[in-house]
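Colleague: 3D model of this:
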Amino acid sequence: MLVIITLQYYEASKLILLIFFLVNYSLVYYSFRDRSIYFEKYLSLFIWLGFTFKISIPYVAMFFGYTINPFPENADYHLFSAKIYDEALIFSIIGFLGFLISFIVRKKFIFFYPENNEILYNRLSEFYYKFRDKLIIIFFYFSRS
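Modeller: Numbering: from 1, shown residues only. Next up, the predicted model:
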């Protein structure tokens, strides 16, 4: 929905904006697939909120009838150039593609979680499973302060 609304009101190249959205959403999608690490999820959501969502907010406001400057970073709206904004989006697209490629390379060649989630048992986990009920009671007793 954000993509459709933003594309309606966007003043610069709609193709570059569409590629920007596709790369960013593919980054988020790929980071939430199986065998991904927490850092990938966190980074992709942080990038989505910081770039894609932030670009879309003024256009969603325009969609609901508010008059707002679509480029709040630019104090003097008359100096706006669609070419400058497109170049910034291209620069961001290249960075997002770098993250996406690094996620793919990490999953395939460097590090990945095993398919089977076997629990590793050590002495601490054996102690916990043996005295789980007593430990929970002790925890609640001391945490009721």
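
Colleague: quick one: the one helix or strand Ser26 maps to to chain centroid distance?
Modeller: Here Ser26 sits within helix 14-31, counting by DSSP states H and E. For helix 14-31, the separation from the chain centroid amounts to 11 Å (computed by Cα atoms, centre = their mean, to the nearest Å).

Colleague: helices and strands around it, which ones?
Modeller: Secondary-structure packing of helix 14-31 (3 or more Cβ pairs under 8 Å, 6 or more residues apart in numbering; DSSP states H and E): helix 2-9, helix 38-47, helix 82-105. All C-beta spots, glycine's among them, are computed from the backbone N, C-alpha and C.

Colleague: what about the chain, any weak spots by pLDDT?
Modeller: Scanning the chain with the threshold set as pLDDT under 70 gives 71-80, 112-121, 145.

Colleague: spatially central residue in it, please.
Modeller: The geometric centre of the chain, computed from its C-alpha atoms, lies nearest to Leu45 (Cα atoms, centre = their mean), at 1.8 Å.

Colleague: and Phe99, how many neighbours?
Modeller: Phe99 has 18 neighbours, counted by other Cβ atoms under 10 Å.

Colleague: got the contact list for it?
Modeller: Leu27, Leu43, Ser44, Ile47 (Cβ atoms under 8 Å, 6 or more residues apart in numbering).

Colleague: thinking again about what came up before, excluding sequence neighbours, find me the nearest residue to the residue nearest to the centre of the chain.
Modeller: Val28 (6.8 Å; Cβ to Cβ, 6 or more residues apart in numbering).
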